[in-house]
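Chemist: From the sequence below, what's the structure:
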Amino acid sequence: PNHLRTLFFQGDFGDVTSRKELRRNLGCKSFKWYLDNIYPELFIPGDAVASGDVSNDWSGMCIDSACKPTDMHKPVGLYPCHKQGGNQFWMMSKHGEIRRDDPSPDTKLSRIARKKKT
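Modeler: Numbers count the residues shown, from 1 in each chain. Here you go, the predicted model:
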């Protein structure tokens with residue numbers, strides 16, 4: 001999980017000075033404005049208020065989701081905790097959603113819980 005944070009915040013994306021200057025000259029709004037006003041439902045991993053596994057200490061089981069793209073439609077389940085992150089690594093959004101960094105709605109636990117209750 002920490003390697004993702006490093007890549008997200010410290011990745012080398014080259015010199016973007018000319019692009020920023022163009023944006024300023026054209027009077028464009030910031031990317032943050034775009035995220036806040038146009039696409040507010042996009043989950044930004046850096047905005048997570050908590051992260052890690054979701055486990056039951058008594059049973060040693062963790063919430064786990066499918067990794068393969070062909071299995072993404074499958075519901076999350078409980079599997080033995082492996083403490084290696086991956087498909088057992090979850091983040092809590094500022095809206096209280098427990099989810100993966102995958103934008104798929106099936107990896108958002110709060111939405112799955114609502115579906116099962118109705």
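Chemist: in stretch 45-60, what counts as buried?
Modeler: 48, 51, 53-55 (16 or more other CB atoms under 10 Å). (Glycine included, C-beta is placed from N, CA and C.)
Chemist: Go through these and name the one nearest Lys20.
Modeler: For the buried residues of stretch 45-60, the residue nearest Lys20 by CB to CB is Ala48; the value is 26.5 Å.
Chemist: Test my guess that the closest one contacts Met92.
Modeler: Yes: the criterion here is CB atoms under 8 Å, and Ala48 meets it with Met92 at 6.1 Å.
Chemist: remind me which residues of the chain are low pLDDT?
Modeler: 1-11, 72, 101-118 (pLDDT under 70).
Chemist: rerun at 80
Modeler: 1-13, 41-47, 66-74, 95, 100-118 (pLDDT under 80).
Chemist: which stretches of the chain form helices?
Modeler: Assigned helices in the chain, in chain order: 2-10, 17-26, 31-37, 109-117 (criterion: DSSP state H).
Chemist: ok, the residue in the chain sticking out farthest from the centre - contacts?
Modeler: No residue in the chain sits farther from the centre than Asn25, which is 33.0 Å out by CA atoms, centre = their mean. Applying CB atoms under 8 Å, 6 or more residues apart in numbering, we find Asn25 in contact with no residue.
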